[in-house]
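> Have a look at this prediction, sequence included:
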Amino acid sequence: MSQTVKPVPEGFHTMTPSLVVQGAEKAIEFYQKAFGAEVLGCKKGPDGQKVMHSELKIGNSMFFVNDEFPEMGGCQGPNALGGSPVTLHLYVEDVDALFQRAVKAGAQVTMPLNDTFWGDRYGQIVDPYGHRWSLASRKEILTDDEVTRRSNAAFAQMAQQKH
């Protein structure tokens with residue numbers, strides 16, 4: 001009797017981030033401490049040291065973490081490349097608590113938490129492995145017109161502060 005195979009495995013969404021880091025075991029520990037990540041699996045490479053593939057889950061979202069393998073298609077993390085232009089975004093129930101938890105675990109604040117013109121309480125951090133994260137909780141439901149009005153006011157205020 002053959003089993004039906006789902007093209008998208010159970011528990012996954014269409015897009016799944018895959019984070020490359022130097023020191024995957026420590027990074028996995030950081031993601032557990034900082035974000036409450038659950039480790040669903042971890043496979044070591046042939047050397048028994050490096051993490052070839054791991055599956056983690058934060059809330060209802062899966063992501064992968066593995067060590068650098070530059071010999072395999074240039075697989076390197078952001079610290080080896082001088083940073084990353086990618087930001088991973090987490091919407092959570094209590095952004096203040098999660099933000100402080102991440103900082104306590106070793107993340108660097110790049111944008112302090114604040115209430116934004118688009119209705120979120122929002123801030124940004126960089127983890128010790130070079131990956132950028134934005135953390136937010138939705139606080140207000142706004143129309144496009146309200147966001148536009150607020151963004152215009154916010155940018156006008158920033159322009160005045162520069163002069």
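All right, it came through fine.

> ok, which stretches of this structure are strands?
Applying DSSP state E to the chain gives strands spanning 18-21, 38-44, 51-58, 61-67, 87-91, 108-115, 120-126, 132-138.

> Nearest to residue 97 among those strands would be which one?
Among these, strand 132-138 comes nearest to residue 97, with 9.7 Å by C-beta to C-beta. (C-beta placed from N, C-alpha, C; glycine too.)

> hang on, residue 102 packs against residue 135?
Yes - assessed by C-beta atoms under 8 Å, residue 102 is found in contact with residue 135 at 7.1 Å.

> Identify the contacts common to those two.
Common neighbours of residue 102 and residue 135 (criterion: C-beta atoms under 8 Å, 6 or more residues apart in numbering): residue 125.

> between the strands of the chain, which gets nearest to residue 7?
Closest of those to residue 7 is strand 61-67, at 15.3 Å (criterion: C-beta to C-beta).

> who's in contact with the closest one?
So strand 61-67 is contacted by 11-13, 16-24, 27-28, 31, 40, 45, 50-57, 75, 88 (C-beta under 8 Å, 6+ apart).

> just for this structure, where's the confidence low?
Low-confidence regions of the chain, defined by pLDDT under 70, span residues 1.
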